[in-house]
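Peer 1: sequence first, then the predicted structure, then my questions.
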Amino acid sequence: MLRLTLLAVFSGLTAFTTAQPVPEPNPVLKALPAEGDPNAPSKAAPATAALDGPLPAAEGKPTGDDAVRLQIFLDQNHFGPGIVDGKAGRFTELAVLAWNEVNGHASDDWHAVMEAARKAVPNPFATAVVPDSVKDWVDPNLSTSRSEQAKKKRMSYRSIAEFMSERYHCDVPYLIALNPGKKIYSLKARDSIVVPNVTPFHAEALAETKFEADPNLSARHVVVDTKINQVRIFEATPVALIVADPDNPNAAPVPRRGNKGLVASFPITPGKPQFIRFGTWELKNMVVLPWWRYDESFLKTGKRSSNALMIPAGPNSPVGVIWCGTSRSGIGMHGTSDPETIGRARSAGCIRLANWDAIRLPNIIRPGSTVEIR
């Protein structure tokens, strides 16, 4: 088993399996008929009609189905809007800013990104089938006590509702809103519900693995911005976006250009102010389904004690489904058991992402990447 301690850099781990890249989400989504294997919920039928005919010009913040389209489009293109909920809130705004920066649009331009979203996501909703695998990944008796959790084999989901909401990058209240009349907390295998039409996050497909350095991905630069609660990932050498000649003020303005050096951005929760370690570090390791060393003294004071418990891996682990440790002992980027708290609740020094965002990191960065916390 892979064992994780927030203070170590995995020097004592053995018997790793070298991981292959996590499959990339499809760049263009299409809702497909819900037929055949009930355990293939990515085959989803349209829950609403696709766009048909011209729509009014997209101006300003979208609402309704358009807001969902936009969030799905950004999510699938590595500009995380946070939870898909049909509300163009702060994290959606930050994702639009990043997309506009990459594509050379003005920061307050909602028209271009909305038109792109309408083309890419004709069906914002789909019908998904609850897979049979929930029997192995849902444990309604999972305790909140760390001592009881340490006795478990896995930190599973506590309900099928939680399983399905994380699978489709949303939260349980939004599933309830999308499915009036359905008892979301009473779902069972092979039931069908309406969900956001994102490429699903398959927790049950994960295996205990670690990722090694990569010649290209290890050269990338990660900027953790604790002021706006966002992580931005760049190529090693960003392009010059603004070209000015102070000696020739009458020169023709340089056309706006896209920042192709920005490759991804995701919402985060940084550590508590007293535990944040500002500086530039190296990404040392990336471990999928890590075990977590629970040390109450460390979480409260930052100092390690001899009284610790080993909490098993799983989506409800406090470090989620992946740990990305830095050269600063005990500090890393990781998933979370509570994606709805991203941007609000504070951790004990680490950088938390939603599991569906965190598991994409091995496709974007690798050990050896620079991690700047500012």
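Peer 2: On my side now, so go ahead.
Peer 1: in this protein, spot the strand with the most residues.
Peer 2: What stands out as the longest strand in the chain, according to DSSP state E, is strand 279-288.
Peer 1: what's it packed up against?
Peer 2: Applying 3 or more CB pairs under 8 Å, 6 or more residues apart in numbering; DSSP states H and E, we find strand 279-288 packed against strand 209-211, strand 322-326, strand 370-373. No exception for glycine: its C-beta is placed from N, CA and C like everyone else's.
Peer 1: how far does stretch 323-333 sit from the chain's center?
Peer 2: Centroid separation between stretch 323-333 and its chain, computed with CA atoms, centre = their mean, to the nearest Å, is 17 Å.
Peer 1: before we move on, back to that, quick check: angle from the longest strand of the chain to strand 322-326?
Peer 2: In terms of direction (axes from the mean of the first three to the mean of the last three CA atoms, to 10 degrees), strand 279-288 departs from strand 322-326 by 150 degrees.
Peer 1: where does this structure have low pLDDT?
Peer 2: Within the chain, the segments meeting pLDDT under 70 span 1-58, 237-249, 251-256, 299, 301-302, 345-349.
Peer 1: let's see it at 50
Peer 2: In the prediction, the chain carries residues with pLDDT under 50 at positions 1-18, 25-43.
Peer 1: quick one: the helices in it?
Peer 2: For the chain, the helices defined by DSSP state H occupy 64-76, 90-103, 111-120, 134-137, 146-149, 160-167, 172-178, 296-301, 355-358.
Peer 1: who wins for proximity to residue 366 among these?
Peer 2: helix 355-358 (14.3 Å; CB to CB).
Peer 1: go through the closest one and flag the buried ones.
Peer 2: If you call a residue buried by 16 or more other CB atoms under 10 Å, then helix 355-358 has these buried ones: 355, 356, 357, 358.
Peer 1: dump the C-alpha coordinates for it into CSV.
Peer 2: The C-alpha atoms that make up helix 355-358 are tabulated as CSV, following Å, rounded to 0.1, in the frame of the first residue of the first chain:
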residue,chain,number,x,y,z
ASN,A,355,-10.7,15.5,-6.9
TRP,A,356,-11.8,15.8,-10.5
ASP,A,357,-9.3,18.6,-11.0
ALA,A,358,-6.5,17.2,-8.9
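Peer 1: offset the numbering so it begins at 384, please.
Peer 2: Okay, residue one is now 384; in that scheme the one you just asked about reads as helix 738-741.
Peer 1: could you dump the buried residues of helix 738-741 to JSON lines with distance to residue 523?
Peer 2: Formatted as JSON lines, the buried residues of helix 738-741 follow (distance: CB to CB, whole Å):
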{"residue": "738", "distance to residue 523": "20"}
{"residue": "739", "distance to residue 523": "22"}
{"residue": "740", "distance to residue 523": "26"}
{"residue": "741", "distance to residue 523": "25"}
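Peer 1: pick the one among the residues you listed closest to residue 645.
Peer 2: residue 740 (15.8 Å).
Peer 1: so that closest one makes contact with residue 649?
Peer 2: Yes. Residue 740 sits in contact with residue 649 when judged by CB atoms under 8 Å, with a separation of 4.4 Å.
Peer 1: find residues that contact each of those two.
Peer 2: Listed as contacting both residue 740 and residue 649 by CB atoms under 8 Å, 6 or more residues apart in numbering are residue 463.
Peer 1: what's the closest non-adjacent residue to residue 479?
Peer 2: residue 496 (5.4 Å; CB to CB, 6 or more residues apart in numbering).
Peer 1: who are the contact partners of the closest residue to residue 688 other than its chain neighbours?
Peer 2: Leaving aside its sequence neighbours, residue 688 sits nearest to residue 680 (CB to CB, 6+ apart; 3.7 Å). Applying CB under 8 Å, 6+ apart, we find residue 680 in contact with 686, 687, 688, 690.
Peer 1: kindly recompute the last result at 10 Å.
Peer 2: 686, 687, 688, 689, 690, 691 (CB atoms under 10 Å, 6 or more residues apart in numbering).
Peer 1: and residue 654, bridged to which residues?
Peer 2: Beta-bridge pairing of residue 654 under DSSP bridges involves residue 730.
Peer 1: so it versus residue 582, what's the distance?
Peer 2: Separation of residue 654 from residue 582 (CB to CB, to the nearest Å): 30 Å.
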